[in-house]
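# Here is the input, now give the coordinates:
(chains A and B)
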Number of protein chains: 2
Amino acid sequence: MLKAKVHITLKSGVLDPQGKAVEHALIGLGFPGVGGVRQGKYIEVDLPEQRDKSKAKSQVEDMCKALLANTVIENYNVEVVD
Amino acid sequence: MLKAKVHITLKSGVLDPQGKAVEHALIGLGFPGVGGVRQGKYIEVDLPEQRDKSKAKSQVEDMCKALLANTVIENYNVEVVD
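The predicted structure follows:
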């Protein structure tokens, strides 16, 4: 069985209010030296019938374009593992 | 400058309605062979003043326990890179 690990991150230059909120909260909790926080999504997709890693990767990239990522403001990265 | 890459995932056995919604949406869009989807968070923390990777890792693990993860239902994984 193959599993796809998908990282969806905001493109650089896109404001990340959620990350900023986490950053301020960490500083407020007394963690020194936090220079910046960016928050993204991590999605695991199980592909039980797929055997071909490169086909699986291209299929999950299609999923990213169609649903998982907003490609106007987000980048996606797909890694397929056994 | 060090950067910590944090993955926060739901523990196995914990219901993931968001992942289920994504799974049904993917199947509805006509993607075959999707066996399951789990959604987690991916957080990048910049540590501009930190030089020591193992100290950085333990500091970010403290951040996970204090704020980033709900350790009752979530696991966290910290990786520190240059």
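# How about the residues of chain A by chain B?
A:1, A:7-9, A:19, A:22, A:25-26, A:29, A:31-50, A:59, A:62-63, A:66-68 (Cβ under 8 Å from any Cβ of the partner chain). Placement of C-beta: from N, CA and C, glycine included.
# My reading is that A:Ala66 lies in a strand. Confirm?
No: A:Ala66 sits outside any strand when classified using DSSP: H, G, I helix; E, B strand; the rest coil, being helix.
# That one: neighbouring residues, count only.
Other residues within reach of A:Ala66, judged by other Cβ atoms under 10 Å in any protein chain shown, total 14.
# and if you look at A:Gly13?
Counted with other Cβ under 10 Å, the burial measure for A:Gly13 works out to 6 neighbours.
# next one: A:Ala4
Counted with other Cβ under 10 Å, the neighbours of A:Ala4 add up to 24.
# just A:Asp16 next, same as before
19.
# And for the one 4 residues further on?
Applying other Cβ under 10 Å, we find 14 residues neighbouring A:Lys20.
# Please tell me how far it sits from B:Val78.
21 Å (Cβ to Cβ, to the nearest Å).
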